[in-house]
Structures are given as structure tokens and as C-alpha cells.
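Trainee: Need a 3D model of the sequence below.
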Amino acid sequence: MNGIIFRKDGTAQGVAKQRLIESLAKPNERVINDPYADRFVLGASLIKFLGHKLNVWLAQKLVPGFHEHLISRTRFIDDLIEKNAASEFEQYVILGAGYDCRAHRLELPSSLRIFEVDQSEVQARKRSKLPEELPNAENITYVAIDFTDQSISEQLLDAGFDQSKSTVFTLEGVSQYITKEAFRSTIKDVATLAQKTNSIVFVSYANELLNKVPEACFGAGYPSAEKRARLITYGSEKVGEPWMSFYTAEEMESVLWQYGYSIVESVTLKDLNSQYFAPVGRTIPENQLLQLEHFVIAKSKK
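Mentor: Purely as a prediction, here's the structure:
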């Protein structure tokens, strides 16, 4: 695969920060809970001191709805993994795992084999910060890869990936940071690995309109949509991980279809608002909704 993919951990820390903030909410008000997130966040003590409500208020002042956007993405994948791990799926591959601790914080069956794929230095940093005793630790295989010149499929097969077992693959917050060529190569590798059995792929992708008509990616009445769009992409660029690839729905569908996958669900924060935030009394108003990223579930066409 060509192109450097997960070079730094700036965005991984940023997402972990939002998981930490959400975990500070009262149990009956939070959408997700990540008891490990604080280990990866600079200034975690201050965030804890400020508490959930103040942190969310501060986030809304900067980019309204961005916290909820990331948390809904996390929860959407959590639900996908729990649902399929409880049925016939036997393996879970996290591509660009970063500081995700889904393997430990969810109640997953002991029969589920989990592969975390990322750069060796990111994995080393992550493992050094986690406690020794962890749920499901014995089920996890860490697959270190140099994305510039190593094949995902080859590395996973060498690590013990079983091509006869049904598998869920997730690419959370990945596609916008890599070239379209690299993304296509990733999906091709996934299809190669899963050609003998059923598989599911989760992909989040940045809406092409964010660059062309940013207002279309925000709810009606959203304040300074174009300015907020620039702020989001500028923040990633400053930590060395610029957004470089944007997709239309048709383009994403075409790539997945080419390699044997059919989209069965595609949602944004707007769709998940009533599902996740309304039940805990935190319905997001229209003027705080972001639809800059789509969350897609695709199944193999077998």
C-alpha cells in the first residue's frame, strides 16, 4: 500500500479526549463509557476537574455538535460489534486502531478473536499506558504494520487471521486521512482476506460537500458553517494529519461495490440524534447538527 497513513497520534488523542469527556457524564446521561480514555489524553486531570457539562459547553463554543458527532460514531460502531459478535461473527479487525479500547470496554464473547492493526510505535505507546489486567486481553493480537510498504492482508495472515471465519472490519476516522488510492487498496486487502466467508465493513468518510458547499454539511441555522468547517480541517492539519480525501455517497458505494460489498446502512449524526441523545435527555437542536461525516455499514455480497 502506498502513502503514509497513521503517522502520529494527534487525532487519536483528540478522539480519546471526547470519549473521556462523555465518560464523565452521569451513567443515565452518557452515550458511551470509556474507563481507559484518560490514559491517552494530555491534561486529563483538568478535564476531569471541569466535568462533563462544562467540557461539552466549551466544545460547543468552538464547534457545536462536534463532540456529539464523534461520540455517536463510537456508539454506532459499539452497537455494530456487540450485535454481530453475539451472532455468527468470529473475528474483529480494527484498522488504524489508535487509542480505541473497544476490545476491553465492551462485553464481548471470549470466542471473538480481535486484531488491532496500526504502526508499531503507536501500539507500543498504547500498550505501555494500559493496565496489566484487562478484559479480553488474551483474545487480542496486535499487528504492527508499516503502511508505506507492507500489505495489510499479508501482515494479518502472518499474525494468524483465519480466512474461514466471518469477520467485521472497521475503519473509523481513517478514510479522510489517506489518499483515495490507499483507501481503495485497503478495501481490496479486506476483500482478499474475507473472500471465503461472510464479512462486514464499517467505514466513516468525509462528505465531499464539506469542501464545496460546507453549509450542506450542517443543520439549518448552524452558526458560521463555513468557518467551522475550516476550523475542523485546520485542527487536523496542525497536528500533522490533514484531511486529504472527500467522497460523494455514490463514489463510496462504487468503491465498496467493486470489491464485493453492498451498503446496507448509511447514517449521520442527524439520523442518530433520536437514537442515542434523545433517550438520555440530550437531544441535539437542528442548529448544532453536523453531517460532515457519513457512517457506512457494508456487507459482502455472498
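Trainee: Going along the chain, name the strands of the protein.
Mentor: Here the chain has its strands, by DSSP state E, at 91-95, 113-118, 140-144, 167-171, 199-206, 261-267, 293-300.
Trainee: among those strands, which is nearest residue 51?
Mentor: strand 293-300 (27.0 Å; CB to CB). Heads up, the C-betas are built off the backbone N, CA and C, glycines and all.
Trainee: who are the neighbours in contact with the residue nearest the centre of the chain?
Mentor: For the chain, the residue nearest the mean C-alpha position is residue 172 (2.4 Å; CA atoms, centre = their mean). By CB atoms under 8 Å, 6 or more residues apart in numbering, residue 172 lies in contact with 73-74, 77, 94, 96, 100, 202, 204.
Trainee: So what does residue 243 have for phi and psi?
Mentor: Per-residue torsions, residue 243: phi -70, psi 120 (degrees, to the nearest 10).
Trainee: do you know how far it is from residue 175?
Mentor: Distance, residue 243 to residue 175, by CB to CB, to the nearest Å: 10 Å.
Trainee: Need the residues touching each of the two.
Mentor: With CB under 8 Å, 6+ apart, residue 243 and residue 175 have common neighbours residue 206.
Trainee: ok so, going back, mean pLDDT and distance to residue 104 added to the strands of the chain, as a markdown table?
Mentor: What follows is the strands of the chain, written out as a markdown table (pLDDT from 0 to 100; distance: least, CB to CB, whole Å):
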| stretch | mean pLDDT | distance to residue 104 |
| --- | --- | --- |
| strand 91-95 | 96 | 12 |
| strand 113-118 | 95 | 10 |
| strand 140-144 | 94 | 8 |
| strand 167-171 | 97 | 15 |
| strand 199-206 | 97 | 19 |
| strand 261-267 | 97 | 26 |
| strand 293-300 | 97 | 22 |
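Trainee: Identify the residues contacting stretch 50-58?
Mentor: Residues contacting stretch 50-58 (CB under 8 Å, 6+ apart): 21-22, 24-26, 29-30, 47, 67.
Trainee: show me what contacts residue 166?
Mentor: 88-91, 197-199.
Trainee: Ranking by neighbours, what's the top pick from those?
Mentor: Neighbour tally across the contacts of residue 166 (other CB atoms under 10 Å): the maximum, 27 neighbours, falls on residue 91.
Trainee: Any idea what the residue lying closest to that residue once chain neighbours are set aside is bridged to?
Mentor: Setting aside the residues directly before and after it, residue 91 is nearest to residue 167 in space (CB to CB, 6 or more residues apart in numbering), at 4.1 Å. With DSSP bridges as the criterion, residue 167 is bridged to residue 91, residue 199.
Trainee: What's the separation between residue 162 and residue 193?
Mentor: For residue 162, the distance to residue 193 - CB to CB - is 10 Å.
Trainee: neighbour count winner among those two?
Mentor: residue 193 (22 against 15).
Trainee: that older thread, with neighbour count and distance to residue 284 added, can I get the contacts of residue 172 in a markdown table?
Mentor: Shown next, in a markdown table, are those (neighbours: other CB atoms under 10 Å; distance: CB to CB, whole Å):
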| residue | neighbour count | distance to residue 284 |
| --- | --- | --- |
| 73 | 23 | 14 |
| 74 | 21 | 15 |
| 77 | 22 | 19 |
| 94 | 24 | 27 |
| 96 | 25 | 27 |
| 100 | 26 | 24 |
| 202 | 21 | 22 |
| 204 | 18 | 18 |
